[in-house]
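Peer 1: A predicted structure for the sequence below; I have some questions about it.
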Amino acid sequence: MARITASVYTSHVPAIGAALDAGKSGEPYWQPVFQGYEASKAWMQDNTPDVIFLVYNDHATAFSLDLIPTFAIGCAAEFQPADEGWGPRPVPVVKGHPELAAHIAQSVIQDDFDLTIVNKMDVDHGLTVPLSLLFGQPAAWPCPVIPFAVNVVQYPVPAGRRCFNLGRAIRKAVASFDQPLKVQIWGTGGMSHQLQGPRAGLINREFDQAFLDQLIADPATLAQKPHIDYVREAGSEGIELVMWLIARGAMNDSPPRVAHRFYHVPASNTAVGHLILENT
Amino acid sequence: MALNKPYKDIPGTTIFDADQSRLGYHLNQFCMSLMRADNRVRFKANERAYLDEWAMTEEQKKAVLARDLNWCIRLGGNIYFLAKIGATDGKSFQQMAGSMTGMSEEEYRNMMITGGRSIEGNRVVGEDGDAQAHRQPQGRAGQGGH
């Protein structure tokens, strides 16, 4: 049977991808950001999964206002890096895992979560920047990836509680897949940031650190946090953090082992947070 | 009964909810069209003519021509869509975000390097933080400087 071995959490700031692609990762501004992922890259080499289930949000790339799915699962064999207006990132094509994706869709929909099934979709920085941070610049990504897009652009976005319960449904779905796959689930986005209006540039370290503490130790309580707390305390785009609860809900109920924790301000407009939790 | 919108009292912040999305549908879809290189070229060649192809309000068109992102957002624009205009102009996300504060690019960048904007005074309308309406524009522009 398949099983979830670990969860990875990281911000997915587009400027990080741009810095890496332009060869600027050694510059004083960016060096502390990439330094924070060195231990993670080493961990990933020792713990490369068979499949990554990657929770992220699309930023008006694959989904315009014509269609706004709350949860969308990528079931295709491959996904092209998108042109977001600056040209596509020079990163490998993302190979999917259609069999596991279809299995998860079937299981999770029957557990009352309305997933939109996507068989054709380009993937933007929300998905490719986390891959770059954890794998660097390989010629091909080391394993298949199932993209799972969450609407956090148009309010209301799904509640933290619903995201956490969705994670539990994904855990159950993976556990019933009849192949011996090691699956990682990644939750991306955040941490505190606001990209619009006179309050742009908001950062809230205390909120972010408390979020990380509680995500590790008491996620069920964290899942009860209402939207307004994220928006008010962590910025209008800080609401992306609800996606981390999907990944956390997919972990076992027993306390995880913290393999790595990192926090840095800033990357462009954003506080960068990163965690690796192993199932024990 | 009206829907509860508890986010209306956050200073300097417009939440892109279903009502804003309805107002901004054509504006945001215009932005979306700029993801295609040939459309970017046509837009840059004659912005007004390109905008006239869209069912946008006159005010939305003026806000785009003025590159006033706060104005665009009031009229239903969403920052991830508006970012396509910035990309067409060769602007970074940081330049776009900074433009909404009144700060110069350097002032905004320095604010971020030194830890970002503080939450203190910026949670609720009526406090005295730097994102409050009575403290706009920010930076030297707000002190009569240039």
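Peer 2: That came through, no problem.

Peer 1: in chain A, where's the longest strand?
Peer 2: strand A:257-267 (DSSP state E).

Peer 1: now for it, which elements pack on it?
Peer 2: Contact partners of strand A:257-267 among helices and strands, from 3 or more CB pairs under 8 Å, 6 or more residues apart in numbering or on different chains; DSSP states H and E: helix A:31-35, helix A:38-46, helix A:205-217, strand A:270-278, helix B:105-113. For every residue, glycine as well, the C-beta is placed using N, CA and C.

Peer 1: how about the last one: buried residues?
Peer 2: In this case it means helix B:105-113. Going by neighbour count (16 or more other CB atoms under 10 Å in any protein chain shown), the buried part of helix B:105-113 is B:108-109, B:111-112.

Peer 1: one step back: just the helices and strands packed on strand A:257-267: most buried one?
Peer 2: strand A:270-278 (a mean of 25; mean count of other CB atoms under 10 Å in any protein chain shown).

Peer 1: what angle sits between it and strand A:257-267?
Peer 2: Here strand A:270-278 runs at an angle of 170 degrees relative to strand A:257-267 (axes from the mean of the first three to the mean of the last three CA atoms, to 10 degrees).

Peer 1: can you give me the mean pLDDT across strand A:270-278?
Peer 2: Across strand A:270-278, pLDDT averages out at 98.

Peer 1: can you pull out the low-pLDDT segments for chain B?
Peer 2: Within chain B, the segments meeting pLDDT under 70 span B:1, B:144-146.

Peer 1: show me what counts as buried in the longest helix seen in it.
Peer 2: For chain B, the longest helix by residue count, based on DSSP state H, is helix B:79-89. Across helix B:79-89, burial judged by 16+ other CB under 10 Å covers B:79-88.

Peer 1: same check on stretch B:3-20?
Peer 2: For stretch B:3-20, the neighbour count (16+ other CB under 10 Å) marks B:7, B:10-16, B:20 as buried.

Peer 1: wait, doesn't B:Ile119 sit right on A:Asp208?
Peer 2: No: assessed by CB atoms under 8 Å, B:Ile119 is found out of contact with A:Asp208, at 10.9 Å.

Peer 1: which intervals of chain A have sub-threshold pLDDT?
Peer 2: Looking at chain A by pLDDT under 70, you get an empty list.

Peer 1: can you give me the strands in it?
Peer 2: Here chain A has its strands, by DSSP E, at A:3-10, A:51-56, A:71-74, A:78-79, A:94-95, A:116-118, A:145-150, A:182-188, A:257-267, A:270-278.

Peer 1: tilt between the first one and strand A:51-56?
Peer 2: The one in question is strand A:3-10. 40 degrees.

Peer 1: can you give the distance of strand A:3-10 from its chain's centre?
Peer 2: How far strand A:3-10 lies from its chain's middle: 10 Å, per CA atoms, centre = their mean, to the nearest Å.

Peer 1: now do that strand against helix A:205-217, angle only.
Peer 2: Going by the same axes, to 10 degrees, strand A:3-10 makes 180 degrees with helix A:205-217.

Peer 1: how about strand A:3-10: buried residues?
Peer 2: The neighbour-count check on strand A:3-10 (16+ other CB under 10 Å) flags A:4-10 as buried.

Peer 1: ok, now the second one?
Peer 2: For strand A:51-56, burial by neighbour count (16+ other CB under 10 Å) applies to A:51-56.

Peer 1: re the thing from before, now tabulate the helices and strands packed on strand A:257-267 in JSON lines and tack on distance to A:Val152.
Peer 2: Shown next, in JSON lines, are these (distance: least, CB to CB, whole Å):
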{"stretch": "helix A:31-35", "distance to A:Val152": "22"}
{"stretch": "helix A:38-46", "distance to A:Val152": "24"}
{"stretch": "helix A:205-217", "distance to A:Val152": "15"}
{"stretch": "strand A:270-278", "distance to A:Val152": "14"}
{"stretch": "helix B:105-113", "distance to A:Val152": "22"}
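
Peer 1: quick one, which of those gets closest to B:Leu65.
Peer 2: Nearest of those to B:Leu65, taken as CB to CB: helix B:105-113 at 21.1 Å.

Peer 1: neighbouring contacts of the closest one?
Peer 2: Applying CB atoms under 8 Å, 6 or more residues apart in numbering or on different chains, the external contacts of helix B:105-113 come out as A:29, A:200-201, A:203, A:265-266, A:268-269, B:94-95, B:97-98, B:101, B:103, B:117, B:138-140.

Peer 1: can you do 6 Å?
Peer 2: The contact list for helix B:105-113, computed with CB atoms under 6 Å, 6 or more residues apart in numbering or on different chains, reads A:201, A:266, B:95, B:98, B:139.

Peer 1: just stretch B:34-53 next, same as before
Peer 2: Residues outside stretch B:34-53 that contact it (CB under 6 Å, 6+ apart): A:85, B:33, B:61, B:84, B:88.

Peer 1: ok, the first one touching B:Ala87?
Peer 2: Yes: contact criterion CB atoms under 6 Å: A:Gly85 and B:Ala87 qualify, at 3.0 Å.

Peer 1: just to revisit the earlier point, what's the closest of the buried residues of helix B:105-113 to A:Gly235?
Peer 2: Using CB to CB, B:Met112 comes nearest to A:Gly235 of the buried residues of helix B:105-113, at 12.6 Å.

Peer 1: I'd like the distance between A:Glu78 and A:Phe53.
Peer 2: According to CB to CB, to the nearest Å, A:Glu78 stands 16 Å off from A:Phe53.

Peer 1: same check, this time on A:Val118
Peer 2: Separation of A:Val118 from A:Phe53 (CB to CB): 14 Å.

Peer 1: around chain A, which positions in chain B sit nearby?
Peer 2: Within chain B, the positions near chain A by CB under 6 Å from any CB of the partner chain are B:6-7, B:10, B:12-17, B:21, B:25, B:28, B:32, B:35, B:73, B:79-81, B:84, B:87, B:94, B:97, B:100-101, B:111-112, B:115-117, B:119, B:122-123, B:131, B:136.
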